[in-house]
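K.L.:
Pasted the sequence and its predicted model underneath.
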Amino acid sequence: MRLFLLEFTRFNMESPLQKPKKLDKAALISLSFELGYIIAIPLVVLALLGKWIDNNMHHTLPWVTLIGIVLAIASTTAWLTYRLKKYIK
């Protein structure tokens, strides 16, 4: 988060050599509404799939559910990084 804020402030700073870029506020608002889906869908789908596999395989520890949650966090991070690179540059 700290790196994002540093890059975001660097993006907004005016440079004497180049014309300052304007933020596309409509795109940022759209992205803010998408964040709920970007975070929730992989988490819910992979966690429920892992829970279903754990119940059907009769595992004592929910290790497939935990793997699903870790994969959801990784995919969400990759997706957000991809989407936010347009605004940071």
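P.N.:
Happy to help now that I have it.

K.L.:
so how far is the host helix or strand of residue 41 from its chain's centroid?
P.N.:
Residue 41 is part of helix 25-57, with elements assigned from DSSP states H and E. Averaging C-alpha positions (Cα atoms, centre = their mean, to the nearest Å) puts helix 25-57 10 Å from its chain's average.

K.L.:
what's the pLDDT at the most centrally placed residue in the chain?
P.N.:
Nearest to the geometric centre of the chain sits residue 80, at 3.3 Å (Cα atoms, centre = their mean). Reading off the confidence values, residue 80 has pLDDT 87.

K.L.:
Correct me if wrong: it contacts residue 34.
P.N.:
No. Applying Cβ atoms under 8 Å, one finds residue 80 not in contact with residue 34, separated by 9.8 Å. (C-beta placed from N, C-alpha, C; glycine too.)

K.L.:
hey, what's in contact with both of those two?
P.N.:
Common neighbours of residue 80 and residue 34 are not found (criterion: Cβ atoms under 8 Å, 6 or more residues apart in numbering).

K.L.:
ok, the closest residue to residue 34 other than its chain neighbours - how many residues close by?
P.N.:
Leaving out its chain neighbours, the residue that sits closest to residue 34 by Cβ to Cβ, 6 or more residues apart in numbering is residue 83, at 7.7 Å. By other Cβ atoms under 10 Å, the residues close to residue 83 number 13.

K.L.:
what about residue 83, which helix or strand?
P.N.:
Going by DSSP H and E, residue 83 is part of helix 63-88.

K.L.:
can you give me the angle that helix makes with helix 25-57?
P.N.:
With axes from the mean of the first three to the mean of the last three Cα atoms, to 10 degrees applied, the angle from helix 63-88 to helix 25-57 works out at 170 degrees.
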